[in-house]
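Visitor: Dropping the sequence and predicted coords here.
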Amino acid sequence: MWRDIGLDDWLLNLDAEQEIEGILPTVLAMAKMQQWQKKKALKAKKLVEKRQIKTMQVLKKYL
C-alpha cells in the first residue's frame, strides 16, 4: 500500500534483516526535512481520500 500512495521510501521492513540498516538514515532524513515530509504525507492522504470516494461510488452504484 505504501508504494501505491507514493510513500515507498517510507516503507521500513523490519522483517528483512538486510533492510534494517536503512531505517536510521530514513528516519533522520524525515526528521531533517519535516516540511517536505508533511507535504508528501498530505499528498498521499489526498490520493487515498480520492480513491476512497471512487470506491464508495462504485459500491453505492451496486448496493
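Guide: Noted; the coordinates are in hand. Numbering: from 1, shown residues only.

Visitor: Spell out, range by range, the strands that occur in this structure.
Guide: Assigned by DSSP state E, the chain shows no strands.

Visitor: by contact count, what packs against the least confident helix or strand in it by mean pLDDT?
Guide: In the chain, no helix or strand scores lower on mean pLDDT, DSSP states H and E than helix 23-32, which sits at a mean of 90. The helices and strands touching helix 23-32, judged by 3 or more CB pairs under 8 Å, 6 or more residues apart in numbering; DSSP states H and E, number zero. Where C-beta positions appear, they are placed from N, C-alpha and C, glycine not excepted.

Visitor: what's the distance between it and the middle of its chain?
Guide: 15 Å (CA atoms, centre = their mean, to the nearest Å).

Visitor: now stretch 45-55
Guide: With CA atoms, centre = their mean, you get 13 Å for stretch 45-55.

Visitor: averaged over its residues, what pLDDT does it have?
Guide: In this model, stretch 45-55 has an average pLDDT of 96.

Visitor: Using CSV, write out every CA atom in that stretch.
Guide: Extracted C-alpha coordinates of stretch 45-55, given in CSV (Å, rounded to 0.1, in the frame of the first residue of the first chain):
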residue,chain,number,x,y,z
LYS,A,45,-3.6,11.5,2.2
LYS,A,46,-5.4,13.3,-0.7
LEU,A,47,-4.7,10.4,-3.0
VAL,A,48,-6.2,7.9,-0.5
GLU,A,49,-9.2,10.1,0.0
LYS,A,50,-9.8,10.3,-3.7
ARG,A,51,-9.6,6.6,-4.1
GLN,A,52,-11.9,6.0,-1.2
ILE,A,53,-14.5,8.3,-2.8
LYS,A,54,-14.3,6.4,-6.1
THR,A,55,-14.6,3.1,-4.3
